[in-house]
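Engineer: output the structure for:
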Amino acid sequence: MKRVIDRKLYDTDRAEEIAQHTPNRDRGDFYYLIETLYKTSSGEYFLHGEGGAATKYAKACSGGGTTGGAEIEALDEETALDWCEEHSIDGEIVVDEFDHLIET
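Structural biologist: Predicted coordinates for the structure are as follows:
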């Protein structure tokens, strides 16, 4: 998926995948959800989220109701670290990526 935000291209095919949160991988479920944290070659972080009709990624349908959807959101470094903490991403991954922001 590609998206331009503030004149910067965020492309899931070209960025490095840092971590993934997948509480529900069943694409047939209204609560299907996968979020993936990426880092661009220039060091910018972004989140690609995809979810079912009952998630924050849902899109409105013409005629009513919702369907699943996907979105890309640019994140600053602090917000990317917060996302990792909130989703209990493996500590080794977090330390490797954000060691300069972590108190020891």
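
Engineer: quick check: bridge partners of Ala74?
Structural biologist: Phe46 (DSSP bridges).

Engineer: now it: how far from Phe46?
Structural biologist: 5 Å (Cβ to Cβ, to the nearest Å). Yep, even glycine has a C-beta here, placed from its N, CA and C like the rest.

Engineer: and for Phe98?
Structural biologist: Phe98 is 15 Å from Phe46, by Cβ to Cβ.

Engineer: one more: Ile18?
Structural biologist: Distance from Ile18 to Phe46, by Cβ to Cβ: 10 Å.

Engineer: residues shared between the contacts of these two?
Structural biologist: Jointly contacting Ile18 and Phe46 under the rule Cβ atoms under 8 Å, 6 or more residues apart in numbering are 37-38.

Engineer: mutual contacts of Ala74 and Phe46, please.
Structural biologist: Common contacts of Ala74 and Phe46 (Cβ under 8 Å, 6+ apart): 5, 10.

Engineer: so between the two, which is more surrounded?
Structural biologist: Phe46 (21 against 16; other Cβ atoms under 10 Å).
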